[in-house]
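[1] give me coordinates for this.
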Amino acid sequence: MMGIAFVYLRYSIPKYQANAIIQVVEEKGTTSQLNLFSDLGILPGASKKVNDEIEFLRSRSNFIQVVQNLELDRKLFEVGKVKNTEIYGIMPLNINFIPVDSLAITEIFSCYIEPISETTFRYWTNKEPSEKTFTYGDNIDTPQGTLVLLPAEGTTLKGFTNKKLLLEILSVEETALAYQAALKTAILDKFSSIITLSLQDPVPQKAIDILNELIMVYNFNGKNDKKIIADKTAEFIDERIANIYNDLSQADQSAEDFKSGRGLTDIQSQSNINLNVSAANQKELQNSRIQLEIAQSVSDVLEQQQGYDILPPNLGLTDPTIMGTTERYNQLVLQRERLLKSSNEKNPVIVNIDEQLQSLSSGLKSSLNNTIRNLNLKVDNLSAQMATLNSKIYSTPRNERALREITRKQQTVEGLYLYLLQKREEAQITYASASPNSKVVDAAFLVSRFPISPKKKIIVLAFLLIGLLVPATAIYGTQLIDDKIHNAQSLEELAMGVPILGEMPKIQRKAKTLVGKNDRSMLSEALRVIRTNLDYLLRQQQTDTPNRNVIYITSSIPEEGKTFFASNLAIILAATGKKTLLVGADIRNPKFEVIFDRSKRHKKSRKVTHADKGLTDFLRDSSVNIADIVVQRDINESVIDILYTGKALQNPTETLMNSRFGDLIAEASENYDYILVDTAPMMPVSDTLLISDFADMVVYVTRAGKTSVKTIDFPLKLQKEGKINNLAFIVNGVNIDKLGYGGQYGYGYVQKHQKPWWKL
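    Numbers count the residues shown, from 1 in each chain. The predicted model follows:
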């Protein structure tokens, strides 16, 4: 695991983190005097929400502009043996790519470039691996478009000669979305206007450039939005000034014509009281008409508008509802235009904005209609009052009255004209003095000169813990679920005082299965230990009853090695000069015919037997004698007598119940020192229990790694119930490192073969 950690850290692509800190600027006007211009709606008094500004900052359109400005959709790598290294900053090549689809690149285009000299290079792709030689400036036709490569100005290609370079051209939109997802933003606290921007990239300078460019694009777009509002306001005012100027010219011309036509230079005013009252009423009527004119103008603009355009802010109306609605309407129009740059009108967000604009437009029309209606009523009332006052001064000469009407109209138009000129200047001052949406607190900088990922210490520690925990868990889990016997020590804990004759080591497949007389292998030594323990137990039993030499060899289930043990034990017993008879009583699955070749007998044997007769023939045919079926064999210089199983029968249980089996055992006990009976497994069939009364000792074979712990209870229960007597265990197939108690000693005192010097 430590090796894997080293390889991972060696060939993983490190990432560096760059941070930038900005402050969202709350626009309250550039100077205190500009607060007087709030009725225009250009300088909102309420601060913007920081969360909304974050969404504007990380908008998709901003990232698309960043990718295009920095050409992040074009990557050049120096190909390495294991990983590629991106070349950024001073690029050796100018990459010009004209895609077939002018709208967007739908898939990644990649190719390999190998500069040969300052003028030529090799070119190939994965789809077209054959190399082609081009000159810088040649058009290279590809399925995605036309590629033109030129050496970058002020750089040299000597350092890249005969080096393999990988060029990738990506989709601008997908690249923008990838960087948008990688950007992380954080606010100091919920009441703070400070925003921290974080970005990770394998190239540290690229991360810094992306953050700085993003902030610049964000501020530029914010100022551009304010310019759009200011330009729309100025355009509206210029249109109104042009119309009002004509009215003012007509009013001035009427006054001039009236005075010159009638030769009037000065007219005495009426009484001071009537004049004062008339002047006050006149002023109020003038203000009402100005309000009415402005409201009517805004309503005309709204009615004539096609689509959604910026509305002029409030130019002096006192209704706060119209002011708020106009401001909200302009904000949504700007947001809609910004989204349409990267989407279409069917986008759910734009559809939602259209619905809001439609609702605001209806509300604004209703408010303007109400205002116009109220102002009309007010003007009518003031006009009626003026009519009353005029009736009071009916005696005033008609010329004075006519001149006063002309003058009154002239003053009204002139007041509106001067007001609009003032507002036009204020709009331009507001744009010129507008500040960016954010203030840079800290330009983009690297958090650390070391990679932020992968974290070497954490990875090394994690792999180290995995390397320790996985094998420990595997070992513990194996031991936890292990329910098998492995050696004599584990069996002794379950045997409840039943003697264990010994252990037999696990032998390799190529090793000999039958031991020899002078064999000093580990298997032979183990069998000799078992022979010694077996003789000791038999001598204890023969103190009371002589000729107790019948030994049953059985097991719980097949494939535990009872036949293998019986065969080798017979050879070891015969090696001491004792007459030994090996009986194959497992008539369901006979194996002696496979282990011992029946056609080969001891050279000095004078017995003549039928090669196909055995125990089953003796039990079924009373004419068959023991001498007819016993075969004497010379096995590795040890002479043993073998009683083969014989012909297979369909009723093995009933055959073993024949009384001739007892006669066989009794007669053999008189003629042999040891009688080894290989019986059937005890758990699947009852054959061994049927003949268990004739056994002087039952050797129960278990196999390491196969015999379950629970199966040991079965023979112990049979002995407790009296169904078998003189039970003893052996463990077969024990691993060499587990031989003996705890695997500490084993059978190490055996013949050792000196290795050749070239194998030492």
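[2] shaky segments in the stretch 551-700 of the chain?
    597-612 (pLDDT under 70).
[3] what ranges do the helices span in it?
    Counting by DSSP state H, counting those that start in this stretch, the stretch 551-700 of the chain has these helices, from start to end: 562-574, 592-595, 615-620, 626-629, 652-656, 660-671, 687-690.
[4] give the buried residues for the fifth one.
    Right, the one you point to is helix 652-656. For helix 652-656, a neighbour-count test (16 or more other Cβ atoms under 10 Å) marks Pro652, Thr655, Leu656 as buried. C-beta coordinates here come from the backbone N, C-alpha and C atoms, glycine included.
[5] can you redo those residues as JSON lines with distance to Arg336?
    Formatted as JSON lines, the buried residues of helix 652-656 follow (distance: Cβ to Cβ, whole Å):
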{"residue": "Pro652", "distance to Arg336": "95"}
{"residue": "Thr655", "distance to Arg336": "101"}
{"residue": "Leu656", "distance to Arg336": "100"}
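[6] and which of those is nearest to Met91?
    Taking Cβ to Cβ as the measure, Met91 lies nearest Pro652 of those, at 89.4 Å.
[7] pretty sure that closest one contacts Ile587?
    Yes - with contact defined as Cβ atoms under 8 Å, Pro652 reaches Ile587; the gap is 4.6 Å.
[8] need the residues touching each of these two.
    Counting by Cβ atoms under 8 Å, 6 or more residues apart in numbering, the shared contacts of Pro652 and Ile587 are Ala680, Asp687.
[9] check the offset of stretch 301-310 from the chain's centre.
    Remark: stretch 301-310 is offset 50 Å from the chain centroid, using Cα atoms, centre = their mean, to the nearest Å.
[10] residues in contact with stretch 498-510?
    Against stretch 498-510 from outside (Cβ under 8 Å, 6+ apart): 487-488, 491-492, 513, 522-523, 526-527, 529-530, 533-534, 537, 561, 565, 699, 704, 716, 719, 727-736, 739-740, 746-747.
[11] try 7 Å
    With Cβ atoms under 7 Å, 6 or more residues apart in numbering as the test, stretch 498-510 has contacts from 487-488, 491-492, 522-523, 526, 529-530, 533-534, 537, 565, 699, 716, 727-736, 739, 747.
[12] contacts only, for the closest residue to Arg620 other than its chain neighbours.
    Distances taken as Cβ to Cβ, 6 or more residues apart in numbering place Thr655 nearest to Arg620, at 6.7 Å, with adjacent residues excluded. Thr655 makes contact with Ile587, Thr616, Leu619, Arg620, Leu649 under the criterion Cβ under 7 Å, 6+ apart.
[13] which of these are buried?
    Ile587, Thr616, Leu619, Leu649.
[14] tell me where the stretch 101-250 of the chain has strands.
    109-115, 120-124, 132-135, 139-141, 145-151, 165-169, 184-187, 194-201 (DSSP state E, counting those that start in this stretch).
[15] need the helix or strand of this protein with the lowest average pLDDT.
    helix 398-432 (a mean of 72; mean pLDDT, DSSP states H and E).
[16] after that helix, which helix or strand is next?
    Under the assignment DSSP states H and E, the closest C-terminal helix or strand after helix 398-432 is strand 438-446.
[17] and that following strand, how far from the chain's centre?
    Taking mean C-alpha positions (Cα atoms, centre = their mean), strand 438-446 and its chain are 32 Å apart.
[18] okay, the angle between it and strand 194-201?
    Angle of strand 438-446 versus strand 194-201, following axes from the mean of the first three to the mean of the last three Cα atoms, to 10 degrees, is 30 degrees.
[19] who are the packing partners of strand 438-446?
    strand 16-24, helix 204-262 (3 or more Cβ pairs under 7 Å, 6 or more residues apart in numbering; DSSP states H and E).
[20] 8 Å - rerun?
    With contacts defined as 3 or more Cβ pairs under 8 Å, 6 or more residues apart in numbering; DSSP states H and E, strand 438-446 has these neighbours: strand 16-24, strand 194-201, helix 204-262.
[21] any buried residues in that strand, and which?
    For strand 438-446, by 16+ other Cβ under 10 Å, it's Ser438, Ala444.
[22] now do the buried residues in the helix or strand following that strand.
    Remark: after strand 438-446, the chain's next helix or strand is helix 456-481, criterion DSSP H and E. By 16+ other Cβ under 10 Å, the buried positions in helix 456-481 come out as Ile459, Val460, Phe463.
[23] list the contacts of the last one.
    Residues in contact with Phe463 (Cβ under 8 Å, 6+ apart) are Met1, Met2, Ile4, Ala5, Tyr8.
[24] repeat that for 6 Å
    Met1, Ala5 (Cβ atoms under 6 Å, 6 or more residues apart in numbering).
[25] ok, it to Met2 distance?
    Distance of Phe463 to Met2, computed by Cβ to Cβ, to the nearest Å: 6 Å.
[26] the contacts of stretch 498-510 in helices, which ones?
    Mapping the contacts of stretch 498-510 onto helices (DSSP state H) picks out 488, 491-492, 522-523, 526, 529-530, 533-534, 537, 565, 716.
[27] possible to save the residues you listed as TSV with distance to Val277 and neighbour count?
    Listed next are these as TSV, based on distance: Cβ to Cβ, whole Å; neighbours: other Cβ atoms under 10 Å:
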residue	distance to Val277	neighbour count
Ala488	132	22
Leu491	129	22
Glu492	130	16
Met522	137	21
Leu523	139	22
Ala526	138	25
Val529	141	15
Ile530	141	22
Asn533	143	16
Leu534	145	23
Leu537	145	18
Phe565	139	23
Leu716	131	18
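[28] which one among those gets closest to Asn243?
    Taking Cβ to Cβ as the measure, Asn243 lies nearest Leu491 of the ones in helices among the contacts of stretch 498-510, at 114.5 Å.
[29] residues contacting the closest residue in space to Ile635 that isn't next to it in sequence?
    Once flanking residues are discounted, Ile635 sits nearest to Ile571: 5.3 Å by Cβ to Cβ, 6+ apart. Ile571 sits next to Val515, Ile635, Ser638 when contact means Cβ under 6 Å, 6+ apart.
[30] could you redo those residues as a markdown table and give each row distance to Lys710 and neighbour count?
    Below are these laid out as a markdown table (distance: Cβ to Cβ, whole Å; neighbours: other Cβ under 10 Å):
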| residue | distance to Lys710 | neighbour count |
| --- | --- | --- |
| Val515 | 32 | 24 |
| Ile635 | 36 | 23 |
| Ser638 | 38 | 22 |
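[31] just the ones in strands from those residues, please.
    Ile635, Ser638 (DSSP state E).
[32] let me know the closest of the buried residues of helix 456-481 to Leu167.
    Ile459 (31.8 Å).
[33] against Pro451, how distant is that closest one?
    12 Å.
[34] check Phe56 too.
    Taken as Cβ to Cβ, the span from Phe56 to Pro451 is 31 Å.
[35] go on, Asn84?
    Taken as Cβ to Cβ, the span from Asn84 to Pro451 is 17 Å.
[36] same thing with Ser521?
    Ser521 is 60 Å from Pro451, by Cβ to Cβ.
[37] again with Asn625
    92 Å.
[38] for Val460, which non-adjacent residue is closest in space?
    Nearest to Val460 is Ala5, by Cβ to Cβ, 6+ apart, at 5.3 Å.
[39] now the buried residues of helix 456-481 in TSV, with pLDDT and distance to Ile429?
    TSV is the format used below for the buried residues of helix 456-481 (pLDDT from 0 to 100; distance: Cβ to Cβ, whole Å):
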residue	pLDDT	distance to Ile429
Ile459	89	60
Val460	90	63
Phe463	91	66
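[40] returning to that earlier point: would you list the contacts of Thr655 in JSON lines and tack on distance to Lys163?
    Formatted as JSON lines, the contacts of Thr655 follow (distance: Cβ to Cβ, whole Å):
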{"residue": "Ile587", "distance to Lys163": "81"}
{"residue": "Thr616", "distance to Lys163": "85"}
{"residue": "Leu619", "distance to Lys163": "90"}
{"residue": "Arg620", "distance to Lys163": "91"}
{"residue": "Leu649", "distance to Lys163": "84"}
